[in-house]
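Colleague: A predicted structure for the sequence below; I have some questions about it.
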Amino acid sequence: MFTLFIMLFFFSKVMMDMFKILIIDSNTHFRESLAKSLCARFPDVKIQKTGTGTEGLCKIDAFAPHLIFFDIHLPDISSFDFRCHS
């Protein structure tokens, strides 16, 4: 039983080390606050941020995030266009 617990703990730790989040939001305050909150709760998660949809598309290719927080009202690209490109 104890060995199983250690294995599960190790596996979850490895998964969190590799987990990547991308935040795409034009509101700088919200973007930074969300990143700060996520880092406080999940310190081993890798987080990248951007304020434009165009830069977000580039970061998706380069960073390969597992989770994306996306502002659907970005000034440079619509959410539909973003979905079609990604």
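Modeller: Great, that's in hand. Numbering: from 1, shown residues only.
Colleague: please count neighbours and contacts with C-alpha atoms only from this point.
Modeller: Fine.
Colleague: any idea how far Asp76 is from the residue nearest to the spatial centre of the chain?
Modeller: The residue lying closest to the centre of the chain (Cα atoms, centre = their mean) is Ile21, at 1.5 Å. The gap separating Ile21 from Asp76 is 21 Å, by Cα to Cα, to the nearest Å.
Colleague: can you give me the strands for this protein?
Modeller: For the chain, the strands defined by DSSP state E cover 20-24, 46-50, 67-70.
Colleague: JSON lines for these, including distance to Glu32?
Modeller: Formatted as JSON lines, those follow (distance: least, Cα to Cα, whole Å):
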{"stretch": "strand 20-24", "distance to Glu32": "9"}
{"stretch": "strand 46-50", "distance to Glu32": "8"}
{"stretch": "strand 67-70", "distance to Glu32": "12"}
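Colleague: ranges for the helices of the protein?
Modeller: 2-18, 28-41, 53-63, 79-85 (DSSP state H).
Colleague: weakest of those helices by average pLDDT?
Modeller: Lowest mean pLDDT within the helices of the chain: helix 2-18, at a mean of 50.
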